[in-house]
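In: Would you be able to build a 3D model of this:
(2 chains)
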Amino acid sequence: MSTEAVPAVADTAVLLDARNVTMQFGGLRAVNDVSLQVRTGEIVGLIGPNGAGKTTFFNCLTGLYQPTTGSVFFDAAPLPAKPRLAVRAGMARTFQNIRLFHNMTAIENVMVGMYCRTKTNAIDAVFRLPRHRREEVESTRRAKELLDFVGLSGSGDTLSRNLPYGDQRRLEIARALATDPKLLLLDEPTAGMNPQETRQAEDLIFRIRDLGLAVLVIEHDMRFIFNLCDRVACLVRGEVLVEGPGAVVQNDPRVIEAYIGSPATQDGSGDA
Amino acid sequence: MELFFQQLINGLSLGALYALIAVGYTVVYGIVQLINFAHGEIFMIGAFGAFATWTIMGRPTGSPVATSLLFILPVMLIGGVVASVAVAVAMERFAYRPLRNAPRLAPLISAIGVSVFLQELVRLFFGRIPGMPDAKSDLAFPSISGISGASVQMGGVLIRASAIFTIGALVLCTVFLWIFVDRTKTGRAMVATSQDADTARLMGINVDRVIVSAFAVGAVLAAVAGVAQGLTVGNIGFRMGFLAGLKAFTAAVLGGIGNIYGAVVGGLVLGVAEALASNYLGTTAWKDVWAFILLILVLVFRPQGLLGAKVVDRA
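Out: Here you go, the predicted structure:
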């Protein structure tokens, strides 16, 4: 394998450091010995054919799955084992299949994302203490700001299930940003989008990076991914096949083979 | 016509009681999809908690109306609420949480077990607590001057003070609940969890804590209902939670289980239907028959309930 060597001492700029992560489900090894680093301010792409283990790898990074072997360090500390603690540590994600709270309005969805960053408890809320009211006002303001940021200014009071598809994808990003993350994991953010929407998504991800976040993005749209990413890793059958700058990965024959199969050999049989 | 309005008032008072209990069923169902059949016992524990508080206060009787209403009753309510919430939280922790990922039938059976356990606990052990009377038979609930036995006459309609208390309590609780669900982050977390618990977890919500607060919210309202029942009927007993719980469950289904405001509407509709039916369609002995016929009709013809939502949703 051609993955870069993992340094023994943590590099301070390294935000996410997944070391030899393996995820086994019964007899199926969905993720096999994957190591990946993401640094602050970096956009890293994760590509690979369907079933390569990309989403499973994401689930290992968000505390949803516990890797069978290997470890994940986040912000120089081991990643907590529970999803909500991983969120608190600064890991946020969106989903391949949109998973908004469909019967809540757009702004409420964003405010749910702030849950882990607000301090008032049920007692403050029941007695309507000033601290609670201040925090509600502040949360509402911040939520509006985030909706503006992703380009959903006018849709705050719309039930999320009534939003157009592309807007739902952007709302998921706003909700993830509301958790105040250091690393944003995007699982196929442009799936089902038209070229214009894809360009807007690209612009949005650059703006998120410019806020000082790191972004790790799974995508099948190659033009999108090679435009966007500083580095790309190609995952095939649970293993990192190639990792490096876009141009290198793009032209690597093994990547091309993984996607469209190997060129026919002389006796006419493609080697799978 | 007077008789009609009399029965309407009686029905609303009874319905408010059902509604207060029904909210507990529906909030918990909305979040963990569990019919908490021990919720009727939480209502009973609330009444006994208030009774015990009154006993600890030295059984104040015949106090001036102002003292009764502004001091004794609120303290009893707090006592009832504390007892109910403590039992509900413990119940969630020890009887339901270990079964969170078990088949749906397991927590249901656990709930029935908890229900029997709590009834027997009160029956056998309430009297062993120093200073408390034996609870093997019904206990007379303390009379609160200004409420117990008091009434106002409007036209030919007699409105008992306990009815005003019950209906007032329901209105107040509904307003608080609305503020809680709609305007607070714990409420929003509850709505989010009821819609998609896994995603809520991935958005940093402490789902365990949300579930505990759902049980606690239901217990607060059930305790208020327990006190209201004591004031209305004049006595309490370890068995009081069974039928009341079953009726409240009917109310929750009637309104659309999982929908908070549905529980309120369902409770009121059930209470009024019961009062009117027992007046016009036979004797009061038949009132439970009408209530459960209504349940069967709803289940057959409108299983999603009157306000028909499957989530804790604004109606």
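In: hey, where'd the helices end up in the stretch 151-300 of chain B?
Out: Assigned by DSSP state H, counting those that start in this stretch, the stretch 151-300 of chain B shows helices spanning B:161-183, B:185-195, B:197-202, B:207-233, B:240-255, B:260-280, B:287-301.
In: and what of chain A?
Out: Per DSSP state H, chain A carries helices over the ranges A:54-61, A:83-89, A:106-113, A:122-126, A:130-150, A:165-178, A:195-210, A:222-228, A:246-251, A:253-260.
In: got the CA coordinates for the fifth one in PDB?
Out: Output in PDB follows, covering the C-alpha atoms of helix A:130-150 (Å, rounded to 0.1, in the frame of the first residue of the first chain):
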ATOM      1  CA  PRO A 130     -33.000  35.600  32.200                       C
ATOM      2  CA  ARG A 131     -30.000  33.400  31.300                       C
ATOM      3  CA  HIS A 132     -32.300  31.100  29.400                       C
ATOM      4  CA  ARG A 133     -34.000  34.000  27.600                       C
ATOM      5  CA  ARG A 134     -30.600  35.500  26.600                       C
ATOM      6  CA  GLU A 135     -29.400  32.200  25.300                       C
ATOM      7  CA  GLU A 136     -32.500  31.700  23.300                       C
ATOM      8  CA  VAL A 137     -32.200  35.100  21.700                       C
ATOM      9  CA  GLU A 138     -28.500  34.500  21.000                       C
ATOM     10  CA  SER A 139     -29.300  31.000  19.500                       C
ATOM     11  CA  THR A 140     -31.900  32.400  17.200                       C
ATOM     12  CA  ARG A 141     -29.600  35.100  16.000                       C
ATOM     13  CA  ARG A 142     -26.800  32.600  15.300                       C
ATOM     14  CA  ALA A 143     -29.200  30.200  13.600                       C
ATOM     15  CA  LYS A 144     -30.300  33.000  11.200                       C
ATOM     16  CA  GLU A 145     -26.700  33.900  10.500                       C
ATOM     17  CA  LEU A 146     -25.900  30.200   9.600                       C
ATOM     18  CA  LEU A 147     -29.000  30.100   7.300                       C
ATOM     19  CA  ASP A 148     -27.700  33.200   5.600                       C
ATOM     20  CA  PHE A 149     -24.300  31.700   5.300                       C
ATOM     21  CA  VAL A 150     -25.600  28.600   3.400                       C
END
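In: Please report the number of neighbouring residues for A:Glu138.
Out: Using other Cβ atoms under 10 Å in any protein chain shown, A:Glu138 is surrounded by 12 other residues. In this view, the C-beta of every residue, glycine as well, is placed from N, C-alpha and C.
In: make that B:Met57, sorry
Out: Neighbourhood size, B:Met57 [other Cβ under 10 Å]: 14.
In: In this structure it contacts B:Pro74, no?
Out: No: B:Met57 sits out of contact with B:Pro74 when judged by Cβ atoms under 8 Å, with a separation of 11.6 Å.
In: So which residues on the stretch 151-300 of chain B come close to chain A?
Out: Residues of the stretch 151-300 of chain B found near chain A (Cβ under 8 Å from any Cβ of the partner chain) are B:176, B:179-180, B:183-189, B:191-192, B:195-196, B:198-207, B:213.
In: Make a ChimeraX selection of the buried ones in the residues you listed.
Out: Only the buried entries of those go into this ChimeraX selection, using 16 or more other Cβ atoms under 10 Å in any protein chain shown:
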select /B:180,184,185,186,187,188,189,191,192,195,196,199,200,201,202,203,204,205,206,207,213
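In: so what's the nearest residue to A:Pro181 once chain neighbours are set aside up against?
Out: Distances taken as Cβ to Cβ, 6 or more residues apart in numbering or on different chains put A:Ala92 closest to A:Pro181, at 3.6 Å, once the chain neighbours are dropped. Going by Cβ atoms under 8 Å, 6 or more residues apart in numbering or on different chains, A:Ala92 touches A:113, A:176-177, A:179, A:181, A:183-185.
In: Quick one: distance of the worst-scoring helix or strand of chain B on mean pLDDT to the chain centre.
Out: Counting by mean pLDDT, DSSP states H and E, chain B has its least confident helix or strand at helix B:65-67, which shows a mean of 86. Between the centre of helix B:65-67 and the centre of its chain there are 26 Å (Cα atoms, centre = their mean, to the nearest Å).
In: Specify the angle between the helix or strand hosting B:Leu121 and helix B:240-255 in degrees.
Out: Following DSSP states H and E, one finds B:Leu121 within helix B:105-125. Orientation check (axes from the mean of the first three to the mean of the last three Cα atoms, to 10 degrees): helix B:105-125 against helix B:240-255 gives 150 degrees.
In: other SSEs contacting helix B:105-125?
Out: Helices and strands touching helix B:105-125, by 3 or more Cβ pairs under 8 Å, 6 or more residues apart in numbering or on different chains; DSSP states H and E, are helix B:39-56, helix B:240-255.
In: Which residues outside that helix are in contact with it?
Out: Contacting residues not belonging to helix B:105-125 are listed as B:32, B:34-38, B:40-41, B:44-45, B:48, B:87, B:91, B:95-96, B:99-100, B:135-136, B:238-239, B:241-242, B:245 [Cβ under 8 Å, 6+ apart].
In: Given the helix or strand just after that helix, what are its sheet partners and their directions?
Out: Counting by DSSP H and E, the next helix or strand C-terminal to helix B:105-125 is strand B:139-140. Strand B:139-140 sits in its sheet next to strand B:235-236 (antiparallel), going by DSSP bridges.
In: residues contacting the closest residue in space to B:Arg93 that isn't next to it in sequence?
Out: Closest residue in space to B:Arg93, ignoring its immediate chain neighbours: B:Val212 at 7.8 Å, by Cβ to Cβ, 6+ apart. For B:Val212, the contact set (Cβ under 8 Å, 6+ apart) comprises B:89, B:92-93.
In: So for B:Val212, what pLDDT did the model give?
Out: The model reports B:Val212 with a pLDDT of 95.
In: ok, B:Val32 - contacts?
Out: So B:Val32 contacts B:96, B:100, B:107, B:211, B:214 (Cβ under 8 Å, 6+ apart).
In: Tell me if I'm right that B:Thr26 and B:Val253 touch.
Out: No: under the criterion of Cβ under 8 Å, B:Thr26 makes no contact with B:Val253, lying 9.1 Å away.
In: thinking again about what came up before, any of the contacts of B:Val212 buried? List them.
Out: Buried among the contacts of B:Val212 (16+ other Cβ under 10 Å): B:Glu92.
In: before we move on, the earlier item: compare the contacts of A:Ala92 and tell me which is most surrounded.
Out: The residue in the contacts of A:Ala92 with the most neighbours, by other Cβ under 10 Å, is A:Gly113 (27 neighbours).
In: How about the contacts made by the closest residue to that residue other than its chain neighbours?
Out: What sits nearest to A:Gly113 in space, not counting adjacent residues and going by Cβ to Cβ, 6+ apart, is A:Ala178, at 3.1 Å. By Cβ under 8 Å, 6+ apart, the residues touching A:Ala178 are A:110-114, A:117, A:142-143, A:146.
In: thinking again about what came up before, reformat the helices of the stretch 151-300 of chain B as JSON lines; add distance to A:Leu46.
Out: Listed next are the helices of the stretch 151-300 of chain B as JSON lines, based on distance: least, Cβ to Cβ, whole Å:
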{"stretch": "helix B:161-183", "distance to A:Leu46": "39"}
{"stretch": "helix B:185-195", "distance to A:Leu46": "28"}
{"stretch": "helix B:197-202", "distance to A:Leu46": "18"}
{"stretch": "helix B:207-233", "distance to A:Leu46": "28"}
{"stretch": "helix B:240-255", "distance to A:Leu46": "46"}
{"stretch": "helix B:260-280", "distance to A:Leu46": "42"}
{"stretch": "helix B:287-301", "distance to A:Leu46": "49"}
